[in-house]
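Novice: Structural data only, the sequence is not supplied:
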């Protein structure tokens, strides 16, 4: 077990070799912290680790492997003495209508976006509870608050993680542990790159609706408005805030879409409130 300064943190990050997860890893290392990048391709973390000797290493982890999750968490705690921040950032995209998406596609995405992060969080919590401090950071999406044509499966997995994490936040707050749900919009990551974004087998009836969504995502690669480095800086700022949020939308597109969704939900509640309140048993 290695000694660690009380002023630095140990981060355990999935998806830490690219995208927002990679940007968070780089920002944490730049801040003087230690980063354990639990990733499927550890060699991709080598350059970043070499630039910060002794403070970055990358054990192999497929986040759908529950047994390996337990091992990596235990190894991290043993090597560094503690775990301060867990970031679940591994993910990928899937475009397809609800009817087009197969059970196997939906289950695989749920394993990656929900069951894997839930397992990693559960494995880390005993170590956070032991110190009565720490953070669980869930990188979801603005698609974890609202959904669109072409992404019902993707949004379902993110909705699930958000609901689970919101309940978790209430449970662990008295134990000194905090939860941050991060909801990015479109950022310049590899999300829409060739071979990364997947498409369910098309049903012609949905072509007019789904094909433009697929093409727009493909065309957006490298031109998304969000800057991953700025996202990472925003996340670190939220973790250091005196009164941090539970949910943190990132990007103008996310702020606009979520703001509209909240306004629409409030409008519907007010319009239908009398009917909603009419269903209790008579006194």
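Specialist: That came through, no problem. This structure is a prediction, so every number in the text was calculated from the model and none was measured.

Novice: low-scoring stretches of this structure, by residue?
Specialist: Residues of the chain meeting the criterion pLDDT under 70: 1-6.

Novice: so where do the strands sit in it?
Specialist: Counting by DSSP state E, the chain has strands at residues 10-14, 34-38, 56-57, 85-88, 94-95, 135-139, 178-184, 198-199, 247-250.

Novice: by contact count, what packs against the last one?
Specialist: In other words, strand 247-250. Identification of packing neighbours for strand 247-250 by 3 or more C-beta pairs under 8 Å, 6 or more residues apart in numbering; DSSP states H and E yields strand 178-184, helix 228-240. Using the backbone N, CA and C atoms, a C-beta is placed for each residue, glycine as well.

Novice: deepest of these, which one?
Specialist: Between the helices and strands packed on strand 247-250, strand 178-184 has the highest mean count of neighbours, a mean of 23, where neighbours are mean count of other C-beta atoms under 10 Å.

Novice: quick one: contacts of that strand?
Specialist: Contacts to strand 178-184, defined as C-beta atoms under 8 Å, 6 or more residues apart in numbering, come from residues 20, 134-142, 144-145, 161-162, 165-166, 168-169, 172, 226, 231, 235, 238-239, 244-251, 254, 258.

Novice: So what are the sheet partners of it and their directions?
Specialist: Its sheet considered, strand 178-184 pairs with strand 135-139 (parallel), strand 247-250 (parallel) by DSSP bridges.

Novice: Out of the helices and strands packed on strand 247-250, which gets nearest to residue 152?
Specialist: Among the helices and strands packed on strand 247-250, strand 178-184 comes nearest to residue 152, with 17.3 Å by C-beta to C-beta.

Novice: relative to helix 228-240, how tilted is the closest one?
Specialist: Strand 178-184 and helix 228-240 meet at an angle of 160 degrees, taking axes from the mean of the first three to the mean of the last three C-alpha atoms, to 10 degrees as the criterion.

Novice: Give me the number of neighbouring residues for residue 92.
Specialist: 15 (other C-beta atoms under 10 Å).

Novice: and what of residue 163?
Specialist: 13.

Novice: From residue 247, how far off is it?
Specialist: Distance of residue 163 to residue 247, given as C-beta to C-beta, to the nearest Å: 12 Å.

Novice: swap in residue 276?
Specialist: Residue 276 sits 24 Å away from residue 247, going by C-beta to C-beta.

Novice: So between those two, which is more surrounded?
Specialist: A direct count of neighbours by other C-beta under 10 Å for residue 276 and residue 247 places residue 247 higher, at 18 against 11.

Novice: my read: residue 188 touches residue 228, true?
Specialist: Yes: proximity of residue 188 to residue 228 meets the contact threshold set by C-beta atoms under 8 Å, at 6.4 Å.

Novice: quick revisit: just say which of the strands paired with strand 178-184 is most tucked in.
Specialist: Among these, the stretch with the highest mean neighbour count (mean count of other C-beta under 10 Å) is strand 135-139, at a mean of 24.

Novice: how far does that one sit from the chain's center?
Specialist: 7 Å (C-alpha atoms, centre = their mean, to the nearest Å).

Novice: neighbouring contacts of it?
Specialist: By C-beta under 8 Å, 6+ apart, the list of residues contacting strand 135-139 from outside reads 15, 20-21, 24, 84-89, 91, 117, 121, 124-125, 128, 161-162, 165, 168, 172, 177-182, 184, 235, 239.

Novice: Next, the contact list for residue 10, please.
Specialist: Applying C-beta under 8 Å, 6+ apart, the residues near residue 10 are 4, 33-36, 76, 80-85.

Novice: Cool, thanks, talk later.
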